[in-house]
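Can you look at this prediction? I've put the sequence above it.
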Amino acid sequence: MTGASPTARTAAGIVAAVRDDPAARLALATRFYDSNRAIRPYRRAELAFMRWQIRRGVLNPPEAAPGGSPWWRAVNESLLRDALEAQYRLREEDLSTPSVEVGRWMTFLRNPAPRTWYRAHNSSIVAGYLAHRDLADRELPVERFFMDVTLLRILYTDCLLSDPGLALGRFAAAGPWLADPRNPATGAFLSLRTILPARYPLDDIEPADVLKAENYLGHLVDYGVILPRARSLYEHAAHDLDQPALLDLIHDGHPAYAWPPQDKNVWVSHRSRRTRQTLERLVH
């Protein structure tokens, strides 16, 4: 981190110290949110997702049996580091120019609100995705597929708040409540625990196998509500987060971060076609 500010180096050092200890990573994230009563309610979705990652084993150190995922570990680390650096910058009154991601976490800490939390959290997540695309290429097919599913759901959940009309059409009024990170309902959009087995690596499973096991309601939402809006969601997020590179992660209306664009059959559903089409028209 040549040229980084003292607070950036401090944050990086603290995060590096827990790199190979999943429980310590979780404790670090917990302390961040527990440091201020005003931000504590916003920890729900992030910590729930981290617990799920720990159960799967993706945050395990490389030498563990099994070892963790270099990609999941790196993206999680960048999220922790950005938030912690923002906290230290405000505490130490560091006036040097932060990264865009750290600056948005500083805005959230100064003004906790669902909107400022999403901009901070998603800025770090998207930056992590873009910085570690090479690591994604090393993962098994089903893991790469769910990297795209996770990003799509994150962008959709934010859109429920930032542009509820785009996300829910005539039901836009429900968007801000569904997306509020302090609300348990948010976990329904961000969690993959109901469809993705809690283990890593998934070396005996294909995406089609997992999709067959997805619960009925989740499948309807994914294929009847979210996927038909995919291109618009990426365009909205690219503009809102000032990340034009997001537009390189979608191809012909289908997510294409780690999943090959030519294998788009996974984005086409043949389950409950009539119900799905009805739902798509309802939220148009």
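Nice, thanks for sending it over.

So which helix or strand of the protein has the lowest pLDDT on average?
helix 186-190 (a mean of 64; mean pLDDT, DSSP states H and E).

isn't F32 right next to Q87, touching?
Yes: with contact defined as CB atoms under 8 Å, F32 and Q87 form a contacting pair (6.3 Å). For every residue, glycine as well, the C-beta is placed using N, CA and C.

quick one: the helices in the stretch 101-250 of the chain?
114-131, 133-136, 141-162, 164-168, 175-179, 186-190, 207-213, 216-221, 230-240 (DSSP state H, counting those that start in this stretch).

Show me the contact partners of the fourth one.
Put plainly, it is helix 164-168. Identification of contacts with helix 164-168 by CB atoms under 8 Å, 6 or more residues apart in numbering yields 156, 159-160, 172-176, 179, 225, 229, 232-233, 236, 283.

which of these lies closest to Y257?
The shortest approach to Y257 among the contacts of helix 164-168 belongs to L233, at 13.1 Å (CB to CB).

Quick check: the closest one vs L79, distance?
Distance from L233 to L79, counting by CB to CB, to the nearest Å: 20 Å.

What of R37?
In this view, R37 and L79 are 22 Å apart by CB to CB.

which of the two has more neighbours?
Counted by other CB atoms under 10 Å, R37 and L79 do not tie: L79 has more neighbours, with 24 against 9.

My reading is that the more buried one lies in a helix. Confirm?
Yes: under DSSP: H, G, I helix; E, B strand; the rest coil, L79 sits within a helix.

Buried among the contacts of helix 164-168? Need that as a selection in PyMOL.
Of the contacts of helix 164-168, the buried ones go into a single PyMOL selection, burial set by 16 or more other CB atoms under 10 Å:
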select buried, resi 156+159+160+175+179+225+229+233+236+283
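
Please identify which of the contacts of helix 164-168 is nearest to A27.
A179 (27.0 Å).

close enough to count as contact, the closest one and I154?
No: assessed by CB under 8 Å, A179 is found out of contact with I154, at 10.9 Å.

Surely R229 and L152 touch.
No: R229 is beyond contact range of L152, at 9.5 Å (criterion: CB under 8 Å).

Where does pLDDT dip in the stretch 51-200 of the chain?
Residues of the stretch 51-200 of the chain meeting the criterion pLDDT under 70: 187-195.

Could you rerun that using 80?
Judged by pLDDT under 80, the stretch 51-200 of the chain has its weakly predicted residues at 185-197.

E46 contacts L26, doesn't it?
No: here E46 does not reach L26: they are 10.0 Å apart, not a contact under CB under 8 Å.

In this structure, which residue is most central in space?
In the chain, the centroid-proximal residue (CA atoms, centre = their mean) is I154; its distance is 4.9 Å.

and E46 and L26? which has more neighbours close in?
Comparing E46 with L26 by other CB under 10 Å, the one with more neighbours is E46, at 22 against 19.

Return the distance of the more buried one relative to H121.
In this view, E46 and H121 are 7 Å apart by CB to CB.

which residues are common contacts for these two?
When contacts are counted by CB under 8 Å, 6+ apart, E46 and H121 are jointly contacted by L79, P181.

Now E206: closest residue in space that isn't a chain neighbour?
Distances taken as CB to CB, 6 or more residues apart in numbering put V142 closest to E206, at 6.1 Å, once the chain neighbours are dropped.

My guess is the one you found contacts L202. True?
Yes: counting by CB under 8 Å, a contact exists between V142 and L202, whose distance comes to 4.8 Å.

what residues are shared contacts of the two?
Contact criterion CB under 8 Å, 6+ apart; residues shared by V142 and L202: none found.

For T278, the count of nearby residues, please.
T278 has 12 nearby residues by other CB under 10 Å.

Give me the phi and psi for it.
Backbone torsions for T278, taken as degrees, to the nearest 10, come to phi -60, psi -40.

so how far is P201 from it?
Where P201 is concerned, T278 sits at a distance of 38 Å (CB to CB).

Run a quick check on D158 versus A120, I expect a contact.
No: between D158 and A120 there is no contact under CB under 8 Å: 11.1 Å.

Give me the more crowded residue out of those two.
Legend: neighbour count by other CB under 10 Å for D158 and A120, higher for D158 (27 against 24).

tell me the contacts of the more buried one?
Going by CB under 8 Å, 6+ apart, D158 touches Y118, N122, A179, A237, D240.
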